[in-house]
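From the sequence below, what's the structure:
(2 chains, ligands or ions: 2)
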Amino acid sequence: MSRRNERGKRVLVATKATESDELLGLDRDRLVEMLRWMILARRFEEKAAEMYQMGEIGGFCHLYIGQEAVAAGAITPLGDDDYVITAYRDHAQALIRGLDANALMAELFGRVGGSSGGKGGSMHIFNAARHFMGGHAIVGSHLPIAIGLGYAIRYRDSDAVCVCFMGDSVVNIGAFNESLNMAALWDLPVIFLIENNLFGMGTAVHRAAAVEKLADRACAYAGMEGWTVDGMDVLAVRKSVERAIERARLERKPTLIEAVTYRYMGHSMSDPSHGVYRTKEDVLEHRKKVDPIDHFVDTLKKHAVIDGSDVTQIEESVMAIVAESVEFAKNSPEPDPEALYTDIYYGDYPDPKRRDPWR
Amino acid sequence: MAVIAYREALNQALREEMRRDPDIFLMGEEIAEYDGAYKVTKGLLEEFGEMRVRDAPIAEMGFAGLGVGAAMAGLRPVIEFMTWNFALLAIDEIVNTAAKLRYMSGGQLKLPITFRGPNAGAIQLAASHSQSFESWYAYVPGLKVVAPSTPRDAKGLLKSAIRDDNPVVFLENEVIYGLKGEVPDDEDFTIPLGQSEVKRSGDDVTVVAHARSVHWAMEAAEILAEKHDISVEVVDPRTIRPLDIDTILDSVRKTNRCVIVEEGHPFCGIGAQVVDDIQREAFDYLDAPVIRVTGPDAPTPYARNLEQLSLPQAEFIVQAVQHVSYLE
Ligand SMILES: Cc1ncc(C[n+]2csc(CCOP(=O)(O)OP(=O)(O)O)c2C)c(N)n1
Ligand SMILES: [Mg+2]
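Ligands and ions are numbered 1, 2, ... in the order given. Here you go, the predicted model:
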């Protein structure tokens, strides 16, 4: 899984997408739904990139382009009671978990029609009604929250599970150990899913993590298993997450899954897609050889689940949703100035304007 | 009304609330089998079992964040820090997460969580174990901060903190865990957050003090009445955020003089905020500049004599009150 690049640096390359067995027994609707989500996430974010460049979206905006198979494979098998939580690279997960594209785009625009009324932005997307619990921008900070969701599931004796996405750099932060330890200690139904896109910003995984395979970290926690899967293959991701869900529901055992994937864009919209840490050729090679959408389309065509016209149809319907989301966001007003001081506390609170009369 | 210790009052509050609401659970280091490092959670494991009274590993960020996640899912966690010094390892979850999630989610989330444990000076534990953190947390919009001075307040305020649907930082005090006082037996007794209490009425000088400092202020008030014929009014805010400044202002408008006491460092302390509120809203009522009596602008020393010197003790308060009365 590693080779030397042109400059003699050791780089990890995502493993070639595998042949997933028998389409996991999923029917056509399910398979097409997964493909549709991946294409929606891709086109939505391509549009977000465009809007960012036009100045409609500000701040940090981290795109998931290239990694769609991970979110689609992990979220589609979940039920309504299950929880999803992730870091700041959160648009695809939010969409696939059912957040309206309009509300997402409006949030990126900082408008009142956004999922947080424009007060969270790209890195802080929430959809509590669908148990999508964020959108967390401090690396590692959402792992303890994930086990808290797991604790609540156990507390209520429910058979829900929590899927916790994280970047590869998270395995190196203290909260990772604290959370996986407690999850294993108390049998919390949490699936820790590493989106190993080979880099934390510009730092290659092996320059930060003193471990060969990130999933090997699971061996430090009794009862936890650690698996590495091809994160460019949506069916491979889905298959392993389904297995982890079963472990969580039936045995209450947490699982650590490392999905090896690749990010095509820069770390965020303010970063270049390549530089000292990886070459332009590396990026192009991944796009060409292991693109998760191309690969899934090929698989579905090969099994005669879809043909070219189905893909065209999906593309068209998705493009309509994306175009509408931009229209919606543009037409949604900026938040009312009063909103500055709302949603800070639940219930009554003394008027903060007493110390701030001019604003 | 029973006379019980501060720690028992807290224990009663926890027990009564847990009986009332099955969504409340406790988590922290040594709180279950060991009954709590300071015995605040004594006997609770026995009554409520391990799911509701959970010994956590030494992983402050982990279990503080666990509480936040559980609160997001609708439970009502009470997270104990063995002391607030150790909560520095968890401050990201308190400040970046608990305090911000409601705002960043545009009001979608509710965070009914209480973080509690002893704050401020202990006895000869030196600088890493003797710090006052109220201004750290009171700075943060989204948090409520409570610092009770008596067993009665401890019980009434902890019950309200637990019932509150916002993250509450509840600052106890190790040195007064054994302090006894009258506490109502009534299980419905609570004290609302955000209400100051006049702990002693007087006419000449207002002394604002919270937590352990209230006791030095009361001692000073006694000395001043007996030896110097100065009548001191002691106002205890009890809740630091939201601060009931009106009770303090009413007192200052009556006495026209004010001394503010706290155990924490002077720079950016709670008193600095109170001074600001007073000068903005009661400037014309002041007959003297407001004076503060605080801990030193130095880490807390180990040596007994230096540690004693660090406290905002009655003697200093007596001097400050005389100073604002132009009587030195
Ligand atoms: C505690 C903390 N330190 C630093 C940062 C700044 N930062 C944001 S993302 C990032 C890299 C994270 O990489 P990874 O976990 O691999 O996720 P990816 O961006 O690749 O999805 C860094 C250093 C942060 N947000 N939080
Ligand atoms: Mg990464």
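
Could you pull out the helices in the chain for me?
No chain was given, so I picked chain A. Here chain A has its helices, by DSSP state H, at A:28-53, A:68-75, A:91-96, A:101-109, A:142-155, A:174-185, A:205-208, A:234-246, A:280-290, A:292-302, A:308-331.

Let me rephrase: I mean chain B.
Under DSSP H, chain B gives helices at B:6-20, B:44-48, B:60-72, B:91, B:101-104, B:134-138, B:151-163, B:213-228, B:245-255, B:270-282, B:304-310, B:314-324.

The helices of chain A: which one's closest to ligand 1?
helix A:205-208 (7.6 Å; C-beta to the nearest ligand atom). The way it works is simple: take the backbone N, C-alpha and C, and place the C-beta from them, glycine included.

Give me the mean pLDDT for stretch B:93-104.
Rounded to a whole number, the mean pLDDT of stretch B:93-104 is 98.

Return the most buried member of the helices of chain B.
Most buried of the helices of chain B by mean neighbour count (mean count of other C-beta atoms under 10 Å in any protein chain shown) is helix B:60-72; its value is a mean of 29.

what's the domain layout of chain B?
B:2-183, B:197-324 (automatic domain parsing).

ok so, going back, among the helices of chain B, which is nearest A:Y151?
Among the helices of chain B, the nearest to A:Y151 by C-beta to C-beta is helix B:60-72 (5.1 Å).

tally of neighbours for residue 263?
This is for chain A. Close neighbours of A:R263, defined as other C-beta atoms under 10 Å in any protein chain shown, add up to 22.

my question was about chain B
29.

Surely it and B:R292 touch.
No - assessed by C-beta atoms under 8 Å, B:E263 is found out of contact with B:R292, at 11.8 Å.

Quick one: neighbours of residue 294, just the number.
As the question left the chain open, I've gone with chain A. Residue neighbour count, defined by other C-beta under 10 Å, stands at 14 for A:D294.

ah, I was thinking of chain B
Other residues close to B:T294 by other C-beta under 10 Å number 23.

which one is it nearest to, not counting chain neighbours?
Among residues not flanking B:T294 along the chain, B:P266 sits closest, at 4.2 Å (C-beta to C-beta, 6 or more residues apart in numbering or on different chains).

Now tabulate the domains of chain B in JSON lines and tack on distance to A:D157.
Shown next, in JSON lines, are the domains of chain B (distance: least, C-beta to C-beta, whole Å):
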{"stretch": "domain B:2-183", "distance to A:D157": "9"}
{"stretch": "domain B:197-324", "distance to A:D157": "36"}
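
Please identify which of the helices of chain A is closest to B:E134.
Among the helices of chain A, the nearest to B:E134 by C-beta to C-beta is helix A:142-155 (24.1 Å).

avg pLDDT for that closest one?
The model assigns helix A:142-155 a mean pLDDT of 98.

Over to stretch A:98-108?
98.

what mean pLDDT does stretch A:189-204 have?
Mean pLDDT, computed over stretch A:189-204, is 98.

Is there any residue in that stretch that contacts ligand 2?
Yes - legend: contact between stretch A:189-204 and ligand 2 by C-beta under 5 Å from the ion is shown at A:197, A:200.

Which positions within that stretch qualify as buried?
When burial is assessed from 16 or more other C-beta atoms under 10 Å in any protein chain shown, stretch A:189-204 yields the following buried residues: A:189-200, A:204.
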